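> fold the following for me, if possible:
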Amino acid sequence: MMIVIRMLIVAAAILSIGVEASCRRMSANDYNERGMTHSERDQWDLAIVDFSEAIKLDPSESTYYFNRGSAYGSAGKFEESIADFNKAIELETDNKHLAQNYTNRGISNYALGRLDEAIADFSSAVELNPEEPKPYLQLGSIYDVRRQDAKAIAYYRKVLAFEAGISESDRRQLEARLKFLESVSR
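Numbers count the residues shown, from 1 in each chain. This next block holds a predicted model:
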């Protein structure tokens, strides 16, 4: 009889812990973290839902807009992505984070064929954080597409001057592209 009572007490305790945990409201940060997990798994729609919940709970946090904008961009929803990066830029105060927002908004503008807007975004990112190679690479790519070889070469050289921030594979491809451009631009 005593064993049965102890088992019932343990079961009741386990049940109350489970109920308490399931009744706990998720915070904005909880939703953001779960959204990041979905993003890592390329589950963009689920990530967007969680980032949206984080924004509902704390609409003043620029990181949540950045993360949702990134998820929208990865899902090919570039207009929505740009809207979120606009809001993140409005809220953000740290230059490195601002530069990331401009870079990602530039990528979305580039994807939509808005090259002038993309150039403006990447240029802002370079101004805010000149130590990040990604916006230089994007600027080089745009000028390469536009057949403005001298500008493309200049930006590609800047990217190659960075010790970090570019994979060896990307470095080799960029070196080959730069060599080609230099050979046809003479």
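> hey, where'd the strands end up in this structure?
With DSSP state E, there are no strands along the chain.
> centroid residue for it?
Ser70 (4.1 Å; C-alpha atoms, centre = their mean).
> show me the contacts for that residue.
Going by C-beta atoms under 8 Å, 6 or more residues apart in numbering, Ser70 touches 39, 81, 104. Yep, even glycine has a C-beta here, placed from its N, CA and C like the rest.
> list the contacts for the closest residue to the last one other than its chain neighbours?
In this case it means Asn104. Excluding the flanking residues, the one nearest Asn104 by C-beta to C-beta, 6 or more residues apart in numbering is Phe85, at 5.6 Å. Neighbour list for Phe85: 65-66, 69, 101-102, 104-105, 108 [criterion: C-beta under 8 Å, 6+ apart].
> if you set the cut-off to 7 Å instead, what comes out?
Contacts for Phe85 were tallied using C-beta atoms under 7 Å, 6 or more residues apart in numbering; they are 69, 101, 104-105, 108.
> now for those residues: which two are most distant?
Farthest apart among the contacts of Phe85 by C-beta to C-beta are Asn101 and Ser108. That separation is 10.8 Å.
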